[in-house]
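A.B. asks: with the sequence up front, the predicted model follows.
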Amino acid sequence: MTRKHRRLAVLLACGLGLGSAAGLTFWALRDSMVFFLPPSEVAAKAPPPGRSFRLGGLVQAGSVVRTSAGSKPVARFVVTDGAGQVTVEYGGILPDLFREGQGVVTLGAMRPDGVFAASEVLAKHDETYMPREVADALKKSGHWNPASGSPPPAALWTAPKSGQAGG
Amino acid sequence: MDASATLVPPQGRALHRFANPGRFLRLSGRVLPYLSAAGLVATLAGLGWGLFLAPADWQQGDAVRIMYVHVPAAWLASGGYLALAVCSVLSLVWRHPLADLAAVEIGPVGAGATALCLATGAIWGKPMWGAWWVWDARLTSVLVLFFLYLGHIALVRAFDDPTRGHRAGAILALVGVVNLPVIKFSVDWWNTLHQPSSITLTGAPAMAAEMLWPLLLCAVGFTLGFAAIVTARLRAAVMERRIRALLLAQAQAQAQGSAA
């Protein structure tokens, strides 16, 4: 075994040790490394009222009610992850991307009446990017309703376009 | 005895072919103009295509065009660190002298790409998400990458003896490699505000083709530009070391002359 091979072996051993240490650390911390809780976990864990946390999910279709308290706009909507629902109330200006079916991450705390009082609402968009015409074609052809969630996989996008060209 | 000392194992010979600084200077001097020109042309064409010709996104509008800078910068930030790590292995195991210098020169360029990624991400995040910065796993791990670059830049220059600096920097760079899979998979392992990857090696891209092509062209241009900058810096470093050796030899000759 030359010195070179010994150095390589030491390096590999250190890498293996460090890698598994990091892996175990992240595995142990996996519950506390979440950025937000989905509604179903909020129901399961039931954070005490007044304790602030982030709630994330999709804005349920047809649940948005906009009112105003004095000069301040107030929005009330339901955040869902399919398995659970939490009603959110937020006083302030919503981000431009906020709409029904959009992902949101809200910071706030549960009120005793079971409503999540948010002090901040952030929009969480998905990883799909497409021109307006493609989105319109998908909506028109019935392949996708933005209020019900993410668009279909990109493989389907060409179908309505070619249909349009043919018809 | 002598013959066995000069015998180098085959893989060592291939590795050390470019360790000869004279050969590196000759070869890189020939390649560098083409590398720079290709990087410049691809970057300008990609940015022009992405910023002016590609369609706007259906929900993000024109703000999506930040992607054409942000995504290549993010890929380069991670890719540059991977290159730094490869140089560190070459330096620690094979004691490759050019790898030492390359690691020193990659650091600042990679830190620049990471800073560009963080800055464009903040500019994109404010109008779309509603926040300049959030402490989710993706953003935090990229910030850690930036600090790793800064730590490496400082550490390799912190010793009077450059060899010790290279050794310490290589160890730091290799410890930091743990962060690369964390960055890549942060959006899959944990729930984050940052969206998952649109472009993966396994699946179809979740992006319209007329946005994907300019993005890929930008990525190619940025990568060639990164390689050109690192090569130019490396050439300068090799020449600097040569000049220092010449000056040292001259000073020694003068000292001997005055002593005699």
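C.D. replies: Everything's here; your move.

A.B. asks: per-domain residue ranges of chain A.
C.D. replies: Residue ranges for the domains of chain A, per automatic domain parsing: A:1-33, A:39-124.

A.B. asks: how about residues contacting stretch B:122-141?
C.D. replies: Taking contacts as Cβ atoms under 8 Å, 6 or more residues apart in numbering or on different chains, the residues outside stretch B:122-141 that touch it are A:33, A:35, A:95-97, A:105, A:120-125, B:60, B:63, B:66-67, B:70, B:121, B:179, B:182-183, B:186-187, B:189-190, B:192-194. (C-beta placed from N, C-alpha, C; glycine too.)

A.B. asks: quick one, helices of the chain?
C.D. replies: By default, I'm working from chain A. Chain-ordered helices for chain A, with DSSP state H as the definition, fall at A:3-28, A:39-45, A:132-140, A:158-166.

A.B. asks: my bad, the chain I had in mind was chain B
C.D. replies: Going by DSSP H, chain B shows helices at B:2-6, B:10-16, B:21-48, B:67-94, B:97-128, B:137-156, B:162-175, B:179-189, B:209-259.

A.B. asks: worst mean pLDDT among those?
C.D. replies: Mean pLDDT values for those show the minimum at helix B:2-6, a mean of 44.

A.B. asks: quick one, which of the contacts of stretch B:122-141 are buried?
C.D. replies: Buried members of the contacts of stretch B:122-141, scored by 16 or more other Cβ atoms under 10 Å in any protein chain shown, are A:33, A:35, A:95, A:97, A:105, A:121-125, B:60, B:63, B:66-67, B:70, B:121, B:179, B:182-183, B:186-187, B:190, B:192-194.

A.B. asks: what sits against the closest residue in space to residue B:62 that isn't next to it in sequence?
C.D. replies: Setting aside the residues directly before and after it, residue B:62 is nearest to residue B:56 in space (Cβ to Cβ, 6 or more residues apart in numbering or on different chains), at 5.0 Å. Shown in contact with residue B:56 (Cβ under 8 Å, 6+ apart): A:131, A:132, B:62, B:64, B:65.

A.B. asks: mind running it again at 10 Å?
C.D. replies: A:129, A:131, A:132, B:62, B:63, B:64, B:65, B:211 (Cβ atoms under 10 Å, 6 or more residues apart in numbering or on different chains).

A.B. asks: confidence score at it?
C.D. replies: According to the model's per-residue confidence, residue B:56 sits at a pLDDT of 92.

A.B. asks: same deal with residue B:207?
C.D. replies: Per-residue confidence at residue B:207 stands at 88 (pLDDT).

A.B. asks: can you report how many residues lie near it?
C.D. replies: Other residues within reach of residue B:207, judged by other Cβ atoms under 10 Å in any protein chain shown, total 21.

A.B. asks: might one say that it is in contact with residue A:153?
C.D. replies: No: contact status for residue B:207 versus residue A:153: not in contact, 11.3 Å apart, counting by Cβ atoms under 10 Å.

A.B. asks: show me the common contact partners of those two, please.
C.D. replies: With Cβ under 10 Å, 6+ apart, residue B:207 and residue A:153 have common neighbours residue A:128.

A.B. asks: of all the helices of chain A, which one is nearest residue B:169?
C.D. replies: Closest approach to residue B:169 among the helices of chain A (Cβ to Cβ): helix A:3-28, 14.8 Å.

A.B. asks: elements contacting that closest one?
C.D. replies: Packed against helix A:3-28, as judged by 3 or more Cβ pairs under 10 Å, 6 or more residues apart in numbering or on different chains; DSSP states H and E, are the following elements: helix B:67-94, helix B:162-175, helix B:179-189.

A.B. asks: per-residue confidence at the closest residue to residue B:192 other than its chain neighbours?
C.D. replies: Distances taken as Cβ to Cβ, 6+ apart place residue B:136 nearest to residue B:192, at 4.0 Å, with adjacent residues excluded. pLDDT, residue B:136: 90.
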